[in-house]
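Novice: My questions are about this predicted structure, shown below with the sequence.
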Amino acid sequence: MRKRSHEAPLHRAESQVAAARDDPRARLALLERTYHGPTGRAPRHLPFRRAALSFMRWQASRGLLNPLDGLPPGSVWWRAMNERLLRDGCEAVALVGGLAGEPSSQAVRHWLEFSARPTGRNWYRAHNASIVGGYVEHPNLAEAESPAERFFMNVALGRVLYAHALVEAPRLALGPFAPLGRLLGDPRLGMAGAFLSLRRVLPNRYPLAFDVERYIADEQRLGRMLDYAVIVPRLQRLYEWSAEELSEPRLLDLVRDGNPIYAWPFEQRHVWRSPNMPFAGRVLERATRVCSP
């Protein structure tokens, strides 16, 4: 029986990911190789690996990508989400390298667009489509994580979507300060890499030992202020814009009335609002507010 047209490149990608599955350093090396392309020479693509590696290094440093039998073990959900990103990138490289087949997903098509035209918009579309794909594919694995971890999954998703909006929808992201968006969000620059690393926002160890309220109270004020004052007030529009930009309507199932609900009950939406917003946060919220035309 003849194989479906996408199976050969997808199978190669899955084999590459499986070989690196229990070695976080091998995962990082595999990600980096995808930015070198099928021939090992892709100078226009290499600058974009900065942001991608920042996001994955943060995952590795937290221990999220550790083997499941490690001490401590890694996260089943984070490992699966990470593998989706790796698999899509490897599949795109295989296709660009001439392996016959069709893309197995819309995210892979975005990666092919990035390969043909490496721009900030095309990188964010590809990277975030893979990330969102990992989210929507594994809700059952997410439900098995602790409440605090599920809270931070939503924070991480909001952050990566917002970084994309900085570049392609800067008015949505920053209101009157829209001209700064493309500079702040450019994935080739250090500011975007620092933003996507999430080190200043999420705890640096896994698994988490405390409840959500404890972590919210302990988070660094600057990082949390960005979430509460800038990202949360525009979250519904951000998800709606991202769903269209990424060609991923399932993303809309992860938000309700401006509140993230990925593996998180809508009834506990109070965690997305700060009852004690500092004065600087209130100023930041007003200054970046998007006014209706």
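Specialist: Arrived safely.
Novice: all contacts plus neighbour counts: C-alpha atoms, from now on.
Specialist: OK.
Novice: Give me the pLDDT value at Pro293.
Specialist: As predicted, Pro293 sits at a pLDDT of 43.
Novice: One more: Gln220?
Specialist: 50.
Novice: With Arg109 instead?
Specialist: 98.
Novice: ok, now how distant is it from Arg87?
Specialist: Arg109 sits 13 Å away from Arg87 when distances are taken as Cα to Cα, to the nearest Å.
Novice: what about those two, which has more around it?
Specialist: Set side by side, Arg109 and Arg87 show more neighbours around Arg87, with 25 against 19, by other Cα atoms under 10 Å.
Novice: what's near enough to touch that one?
Specialist: Arg87 makes contact with Leu10, Ala13, Glu14, Gln16, Val17 under the criterion Cα atoms under 8 Å, 6 or more residues apart in numbering.
Novice: low pLDDT regions in the stretch 151-293 of the chain?
Specialist: Confidence mapping of the stretch 151-293 of the chain against pLDDT under 70 gives the ranges 193-197, 200, 218-223, 291-293.
Novice: Please repeat the previous calculation with a cut-off of 80.
Specialist: Counting by pLDDT under 80, the low-confidence segments of the stretch 151-293 of the chain come to 190-203, 216-225, 274-281, 290-293.
Novice: Quick one: the strands in it, in order.
Specialist: Under the criterion DSSP state E, counting those that start in this stretch, strands of the stretch 151-293 of the chain are mapped to 255-256, 259-260.
Novice: Using a markdown table, lay out those together with mean neighbour count.
Specialist: Formatted as a markdown table, the strands of the stretch 151-293 of the chain follow (neighbours: other Cα atoms under 10 Å):
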| stretch | mean neighbour count |
| --- | --- |
| strand 255-256 | 17 |
| strand 259-260 | 24 |
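Novice: Of these, which is nearest Leu189?
Specialist: With distances scored as Cα to Cα, the stretch of the strands of the stretch 151-293 of the chain nearest to Leu189 is strand 259-260 (28.4 Å).
Novice: ok, the closest one: who's next to it in the sheet?
Specialist: On the basis of DSSP bridges, the sheet neighbours of strand 259-260 come out as strand 255-256 (antiparallel).
Novice: give me every residue that touches the nearest residue to Pro176 once chain neighbours are set aside.
Specialist: Excluding the flanking residues, the one nearest Pro176 by Cα to Cα, 6 or more residues apart in numbering is Thr288, at 6.1 Å. By Cα under 8 Å, 6+ apart, the contact list for Thr288 reads Leu174, Gly175, Pro176, Phe177, Val230.
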